[in-house]
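Asker: Predicted coordinates and the sequence they were generated for:
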Amino acid sequence: MEEETKRSKGQFLSAVLSALGAGTTAFYLYTAYFGQFTPMVQRGVILMTCLVFCYINTPMFKKRPRGWTFFIDVVLALLSVITIFCLMWREMALLSTVVGTPFDLVVGTIVLILVLEATRRTLGWPLVILALLFLSYGVLGPYMPDVNRHGGVGWD
């Protein structure tokens, strides 16, 4: 069962993933000794590392672990790096305003979709469906029956 869900990697990809893992470890050892960065940077580094490892190590489909889907996995890994760097780069702007820009909304939505896809790959559909139900409850709160009704939250 374990071998069906893992992907065989070449030497180059194994070296890149090892360097990413070693770099993340060095980053957290550095911050443990010299002090932490802001929470957005601390959490962004671990989220980025987890997403990259998830997309490269876990195939999109369990029955087809090789082939054209690897290209999509690399694109998703690169997209997670880019979007999380965008969030870390815009940290001060996000913290200083009440409402983000449309760019922030798009980047945040992309990160949400990337996390849901990584969850689907590693834990399966039940947790993704549960997360979508909770997100729907937050957005559709004003339209719920009396007992469950609340003010709702906007997507922005």
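Answerer: On my side now, so go ahead. Numbers count the residues shown, from 1 in each chain.

Asker: Could you count how many residues lie near residue 69?
Answerer: 14 (other C-beta atoms under 10 Å). The C-beta positions use only the backbone N, C-alpha and C, and glycine is treated the same way.

Asker: and it, what are its phi and psi?
Answerer: As for residue 69, its main-chain torsions (degrees, to the nearest 10) stand at phi -70, psi -20.

Asker: for it, what are its contacts?
Answerer: 59, 60, 61 (C-beta atoms under 8 Å, 6 or more residues apart in numbering).

Asker: For the last one, what is the enclosing helix or strand?
Answerer: The one in question is residue 61. In the assignment (DSSP states H and E), residue 61 maps to no helix and no strand.

Asker: pLDDT score for the closest residue to it other than its chain neighbours?
Answerer: Closest residue in space to residue 61, ignoring its immediate chain neighbours: residue 69 at 6.4 Å, by C-beta to C-beta, 6 or more residues apart in numbering. As predicted, residue 69 sits at a pLDDT of 83.

Asker: what residues are up against residue 104?
Answerer: 90, 93, 94.

Asker: Narrow those to those that are buried.
Answerer: 90, 94 (16 or more other C-beta atoms under 10 Å).

Asker: quick one on the thing from earlier: out of the contacts of residue 69, who's nearest residue 51?
Answerer: residue 60 (13.9 Å; C-beta to C-beta).

Asker: what's around the closest one, how many residues?
Answerer: 18.

Asker: what bits of the protein have low per-residue confidence?
Answerer: 1-8, 64-66 (pLDDT under 70).

Asker: any chance you could map the helices in it?
Answerer: 2-5, 11-34, 39-57, 69-89, 91-96, 102-123, 125-139 (DSSP state H).

Asker: could those helices go into CSV alongside distance to residue 148?
Answerer: Converted to CSV, the helices of the chain look like this (distance: least, C-beta to C-beta, whole Å):
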stretch, distance to residue 148
helix 2-5, 37
helix 11-34, 41
helix 39-57, 31
helix 69-89, 32
helix 91-96, 31
helix 102-123, 23
helix 125-139, 8
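
Asker: That'll do, ta.
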